[in-house]
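**Q** model this:
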Amino acid sequence: MRIQFVLSEIGIGLRRNLSMTVSVILVTFVSLTFVGVAALLQTQISKMKDEWYDKVEVTVALCPSNSPEPTCVAGAVTEEQMADIQAALEAPEVKPLVRAIYFESQEEAFASFQKRFAGQFWATVLTAEDMNSSFRIKLTDPTQYQVVADVVSGRPGVEEVQDQRKLFDRLFLVLDRATMLAGGLAAVMLLAAVLLITTTIRLSALSRRRETGIMRLVGASNWFIQLPFMLEGAIAATIGALMAVGGLWLSVRYLITDWLGTSVQWIPYVTTGDVLTVAPVLIGAAVALALVSSLLTLRRYTKV
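**A** Next up, the predicted model:
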């Protein structure tokens, strides 16, 4: 009987405040969609960093014969200078940071240049003497680039130290800012959801003030009186959360996997599995949001 009573009270409350309930569902849907987008953006950034940072190299470009750099005033890098640079990279404080070192000669750099820019005018003008020989360094931890750069930068024979990781940092910065924007919008919409839930619960409690008074007179506990109101908010918020999960799943499935995934295949994208990983968090957040909002409201409006 108690379960039937609670369910009937929930149905009455949802019908009496149908427009407000729909508003709660929609605002929860929009706010949790932004939360989900922010979470998926962070997952996307992590996937890209794991994939690309592991492949990037630190390139120590050595002096060609015609470089204007101060470290190249003596001309092209000598064998002694190369040995000194390699010894610095194999020093005890640097060696643990280095996974592997590859040497690329001017001839190899020229062949790679010709292959990459085949058919271009400047590819026929330059010669192997214009190319940089270089040490290409794989790091055990790409974030420790600066340690390696400080060791070799400014040495005679070193024209420039390049970190390929910097090529991706701007992209990650844009994605991080998009995540912050989505998070900010989510916070605003969550605040709106809280206000709507409290308003809905307040209206529902006021419209049933007589019933709650009778229930209190016959000995009903506060928990039993407040439970239908709490469940009303939780149900509305859960529906909004499920809609958000569904919207994110469809977006990832058709926009990311089917469209972007087939046209740009070199990027590791988020998948529908990542959406399902985020889903319990979104649903749990919706229920917690509704329950906390309901409790704060019911403390005042279920008193008789």
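
**Q** Now residue 99: phi and psi?
**A** Backbone torsions of residue 99, given as degrees, to the nearest 10, read phi -80, psi -40.

**Q** who's in contact with the residue nearest to it when sequence neighbours are not counted?
**A** Nearest non-adjacent residue to residue 99, counting by Cβ to Cβ, 6 or more residues apart in numbering: residue 138, 4.2 Å away. All C-beta spots, glycine's among them, are computed from the backbone N, C-alpha and C. Neighbour list for residue 138: 57, 98, 99, 100, 101, 102 [criterion: Cβ atoms under 8 Å, 6 or more residues apart in numbering].

**Q** How about the secondary structure of the residue lying closest to the fourth one once chain neighbours are set aside?
**A** Which is residue 100. Leaving aside its chain neighbours, residue 100 sits nearest to residue 138 (4.5 Å; criterion: Cβ to Cβ, 6+ apart). What DSSP: H, G, I helix; E, B strand; the rest coil gives for residue 138 is strand.

**Q** any idea how far residue 138 lies from residue 145?
**A** 12 Å (Cβ to Cβ, to the nearest Å).

**Q** Can you name the residues in contact with stretch 30-50?
**A** In contact with stretch 30-50 (Cβ under 8 Å, 6+ apart) are residues 168, 171-172, 175-176, 178-179, 182-183, 185-186, 188-190, 192-193, 240-241, 244-245, 247-248, 252, 267-270, 274-275, 278, 281-282, 285-286.

**Q** Going by neighbour count, which residues in it are buried?
**A** By 16 or more other Cβ atoms under 10 Å, the buried positions in stretch 30-50 come out as 30-45, 47-49.

**Q** so of those, which ones are in helices?
**A** In this view, the buried residues of stretch 30-50 that belong to helices under DSSP state H are 30-45, 47-49.

**Q** how about residue 267, phi and psi?
**A** Dihedral angles (degrees, to the nearest 10) for residue 267: phi -110, psi 130.

**Q** In space, what's closest to it - neighbours in sequence excluded?
**A** residue 48 (6.8 Å).

**Q** Return the distance of that neighbour relative to residue 175.
**A** 8 Å.

**Q** Residue 194 reaches residue 293, doesn't it?
**A** Yes. Between residue 194 and residue 293 there is a contact under Cβ atoms under 8 Å: 5.1 Å.

**Q** between the two, which one's more packed in?
**A** residue 293 (24 against 20; other Cβ atoms under 10 Å).

**Q** ok, now which ones touch that one?
**A** 194, 197, 198, 201, 233.

**Q** which SSE is it in?
**A** helix 272-301 (DSSP states H and E).

**Q** which stretches of the chain form strands?
**A** 58-62, 98-104, 134-139, 158-163 (DSSP state E).

**Q** Quick check: mean pLDDT of the shortest one?
**A** I take that to be strand 58-62. The average pLDDT for strand 58-62 rounds to 87.

**Q** Give me the neighbour count for residue 170.
**A** 9.

**Q** same question, residue 254
**A** So residue 254, with other Cβ under 10 Å, has 10 neighbours.

**Q** and if you look at residue 132?
**A** 20.

**Q** Tell me how far it lies from residue 74.
**A** Counting by Cβ to Cβ - residue 132 and residue 74 are separated by 16 Å.

**Q** closest to residue 24 among the contacts of residue 293?
**A** Closest to residue 24 out of the contacts of residue 293 is residue 197 (5.5 Å), distances taken as Cβ to Cβ.

**Q** Double-check that closest one against residue 291; I have them as touching.
**A** No. Using Cβ under 8 Å, residue 197 makes no contact with residue 291, being 9.6 Å away.

**Q** which neighbours do these two share?
**A** Common neighbours of residue 197 and residue 291 (Cβ under 8 Å, 6+ apart) are residue 233.

**Q** more neighbours, the two?
**A** Neighbour comparison, residue 197 and residue 291: the larger count goes to residue 197, with 30 against 16 (by other Cβ under 10 Å).

**Q** any idea how far that one is from residue 288?
**A** 12 Å.

**Q** which stretches of the stretch 101-250 of the chain form helices?
**A** 106-116, 121-125, 145-152, 165-207, 209-217, 222-251 (DSSP state H, counting those that start in this stretch).

**Q** Quick one: mean pLDDT over the shortest one.
**A** pLDDT averaged over helix 121-125 equals 65, rounded to a whole number.

**Q** cool, and the fifth one?
**A** Averaged across helix 209-217, pLDDT comes to 55.

**Q** For stretch 79-89, list the C-alpha coordinates in CSV.
**A** Taking C-alpha atoms only, stretch 79-89 is exported to CSV below (Å, rounded to 0.1, in the frame of the first residue of the first chain):
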residue,chain,number,x,y,z
GLU,A,79,83.0,15.4,-36.5
GLU,A,80,84.4,16.5,-33.2
GLN,A,81,81.4,18.8,-32.5
MET,A,82,79.0,15.9,-33.4
ALA,A,83,80.8,13.6,-31.0
ASP,A,84,80.6,16.3,-28.3
ILE,A,85,76.8,16.7,-28.8
GLN,A,86,76.2,12.9,-28.8
ALA,A,87,78.3,12.7,-25.6
ALA,A,88,76.1,15.3,-24.0
LEU,A,89,73.0,13.4,-24.9
